[in-house]
Structures are given as C-alpha cells and as structure tokens.
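need a 3D model of the sequence below.
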Amino acid sequence: MKGVVVFFLVFTTVIFAEEKAKFVQTPYEAPFKAVVEFYFDEPEKIRSALEWISNIIYVLSREPYDFIPGEDIDIVVIIHGTEITTLVKKNREKYRDIWDRIESMEMYGVKFKVCSMAASLIYGYKPEDFPPFVELVPSAITELLYWQHKGYALLIPRVYERKKSVEEIR
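Below you'll find the model as predicted:
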C-alpha cells in the first residue's frame, strides 16, 4: 500500500510539474467595433486609458488577424471627464505627449468625441478651444448609447494608481 501512495505522489508531481497555461488564439472577426468611455477624476489618467486603445490596434493589426485600422477596426472614444482639459488648445504644450498620441491614433481611424455639455457647462470651453481632431457631441451619455445601439461594444478603461511596485506584489 505504501508503494501505491508513493507512486501516486510521484506521478501527480510529474504531471503538475509539466503543466502550464495554454495560449488560446481567439478568432476575432472584422469588423471590430468599440466605443470607449473616458470619464476620469484626474486629467492625467487619459495617458493610461490611451494604452488600452493602443493595445486593441496593436493586437488586431498584426498576425494572425491583420486587420486594417480604420476599416476592420473602428474605435470611437467618448470623453466627458476632467480629461477634457487635456484637449484644449491652450493646454497643448502641457499635454504634448497626449496630443501626439491622439493625433497618431487619429491616423488609425480612431475618433475622439467630447461632450459639449460638459465642455461648456462645467469648463466654459467653446468649440474654437478645441483642435480639429476633436468632434463635439451633444451629450456623452446619449452618444455612448447611440454607438452601442449601432453594435459597438462598450469599453470603460479602469485607470488606477499602483501603490506598490511590480516586484513587491509578485
């Protein structure tokens, strides 16, 4: 009996020692449509949220998918939080990296829409305060619903502040 127990322990140890996570190539299909909601409590959080969009474009525009951004990938970003302030002309130099990132994403067909109610009623901005890559829409909430009704999946990036280093939590 003792030999059976030892064999079982050795056998299960060998099996589990060889196991690892399995990579699955999800069969994403075009068109890939997403509406992304930006509504942050701090303007700088837009930087991390833009990474989410870059990730979508990066994965889908490479093998095995080879989607064409702007044709096979359609991303609409609805902006209605404090990050609105990063997109006004007077703050261009302060948020130069964000502007550069958004302008490059625009070349991939990503559309950036700002809630005109929030822009004007909360921040006092006018249409001329924004660059041409921004489209003003009547209401962020209504716009989010509109795109979802058109078949776009809703993505809401969660941006948090890491309080410990990666090494500390590993």
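
just the pLDDT at the closest residue to residue 28 other than its chain neighbours, thanks.
Excluding the flanking residues, the one nearest residue 28 by Cβ to Cβ, 6 or more residues apart in numbering is residue 65, at 5.7 Å. (C-beta placed from N, C-alpha, C; glycine too.) Per-residue pLDDT puts residue 65 at 96.

quick one, what contacts the residue positioned nearest the centre of the chain?
Centroid check for the chain by Cα atoms, centre = their mean gives residue 52 as the closest residue, at 2.6 Å. Residue 52 sits next to 36, 155, 157 when contact means Cβ atoms under 8 Å, 6 or more residues apart in numbering.

swap the cut-off to 6 Å and go again
By Cβ atoms under 6 Å, 6 or more residues apart in numbering, residue 52 lies in contact with residue 157.

how about the strands of this structure, start to end?
Counting by DSSP state E, the chain has strands at residues 32-38, 73-79, 111-115, 134-137, 153-155.

any stretches of this structure with poor pLDDT?
Counting by pLDDT under 70, the chain shows low-confidence ranges at 1-18.

redo that, cut-off 80
1-18, 162, 169 (pLDDT under 80).

so where do the helices sit in it?
2-18, 46-60, 96-107, 116-117, 140-149, 166-169 (DSSP state H).

CSV for those, including distance to residue 128?
Below are those laid out as CSV (distance: least, Cβ to Cβ, whole Å):
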stretch, distance to residue 128
helix 2-18, 64
helix 46-60, 21
helix 96-107, 17
helix 116-117, 13
helix 140-149, 20
helix 166-169, 44
